[in-house]
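J.: I would like to see how this sequence folds:
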Amino acid sequence: MEKITVTIDTNCINVKQSIEALNKLEEWNKQGLITIFKTEIMDEELKGELRRLKAQKYPQDTGARVWNYTAFNPRHFGGEDPKKYPIHNLIDLIFPNWDKLPRESQIKSIRDVEHLATHYQYKRDYFVTMDKGFLSKRKMLKENYEIIILTPDECIKEIQHRLKTDSLKK
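T.: Reported below is the predicted structural model:
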């Protein structure tokens with residue numbers, strides 16, 4: 001059985017241990033049943049030293065980074081092959097009116113897309129988030145990129161099902 005890989009979104013850093021499903025994922029990570037990954041974008045988004053310290057324990061996936069993105073001038077470092085790192089396609093898919101967003105929202109949107117593009121680049125199994133924007137686009141992301149977006153609770157159920165199925169195959 002291949003180890004299950006999970007990319008967690010920034011909003012899933014559970015410092016207060018108040019979200020039971022995230023506690024369970026962390027427990028499975030410690031037991032070696034799954035591996036939780038973060039993307040390098042998380043370090044930019046995290047506020048608070050405790051959250052940063054907690055995030056440090058996860059291995060980090062590094063993807064291409066956007067350094068200038070406008071409707072007329074899309075540029076980023078690395079990942080030029082859109083099949084391997086589809087950042088521009090993801091922006092168009094998730095934020096079709098990106099060019100009409102205020103600059104601050106554009107920057108946040110780019111970071112969101114960098115998370116997903118990095119997750120996609122490394123072919124992780126599940127992207128876990130509580131972000132309603134991601135969750136509302138999950139059908140399109142699965143159909144177009146085979147990116148599986150789950151809430152923490154959904155991820156627990158999916159992993160339990162997979163672990164049970166794998167143990168029955170033995």
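J.: Where in this structure is the helix or strand with the lowest mean pLDDT?
T.: One helix or strand of the chain scores below all others by mean pLDDT, DSSP states H and E: strand 75-77, with a mean of 44.
J.: from the chain's centre, how far out does whatever helix or strand comes next after it sit?
T.: On the C-terminal side of strand 75-77, the closest following helix or strand by DSSP states H and E is helix 87-94. Relative to the chain's own centre, helix 87-94 is displaced by 15 Å; criterion: C-alpha atoms, centre = their mean, to the nearest Å.
J.: In CSV, list the C-alpha atoms belonging to the helix or strand immediately after helix 87-94 in the chain.
T.: Scanning forward in sequence from helix 87-94 by DSSP H and E, the next helix or strand is helix 103-121. Taking Å, rounded to 0.1, in the frame of the first residue of the first chain, the C-alpha atoms of helix 103-121 are listed here in CSV:
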residue,chain,number,x,y,z
ARG,A,103,-5.3,44.1,-5.9
GLU,A,104,-5.3,42.7,-2.4
SER,A,105,-7.8,40.0,-3.5
GLN,A,106,-5.7,39.2,-6.5
ILE,A,107,-2.6,38.6,-4.3
LYS,A,108,-4.6,36.3,-2.0
SER,A,109,-6.1,34.5,-5.1
ILE,A,110,-2.6,33.9,-6.5
ARG,A,111,-1.5,32.3,-3.2
ASP,A,112,-4.5,30.1,-3.2
VAL,A,113,-3.7,29.0,-6.8
GLU,A,114,0.0,28.4,-5.9
HIS,A,115,-1.2,26.0,-3.1
LEU,A,116,-3.2,24.0,-5.5
ALA,A,117,-0.7,24.1,-8.4
THR,A,118,2.0,22.8,-6.0
HIS,A,119,-0.3,20.1,-4.7
TYR,A,120,-1.0,19.1,-8.3
GLN,A,121,2.7,19.2,-9.3
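J.: which stretches of this protein form helices?
T.: With helices called from DSSP state H, the chain shows them at 20-31, 41-45, 49-55, 87-94, 103-121, 132-136, 138-145, 152-169.
J.: Please give me every residue in contact with residue 50.
T.: Applying C-beta atoms under 8 Å, 6 or more residues apart in numbering to residue 50 gives the contacts residue 15. Just so you know, the C-beta spots here come from the backbone N, C-alpha and C atoms, and that holds for glycine as well.
J.: pLDDT score for it?
T.: As predicted, residue 50 sits at a pLDDT of 86.
J.: for the one 10 residues further on, same thing?
T.: With respect to pLDDT, residue 60 has a value of 94.
J.: again with residue 69
T.: Note on residue 69: pLDDT of 52.
J.: now do residue 44
T.: 82.
J.: thought it was touching residue 111?
T.: Yes: contact criterion C-beta atoms under 8 Å: residue 44 and residue 111 qualify, at 6.9 Å.
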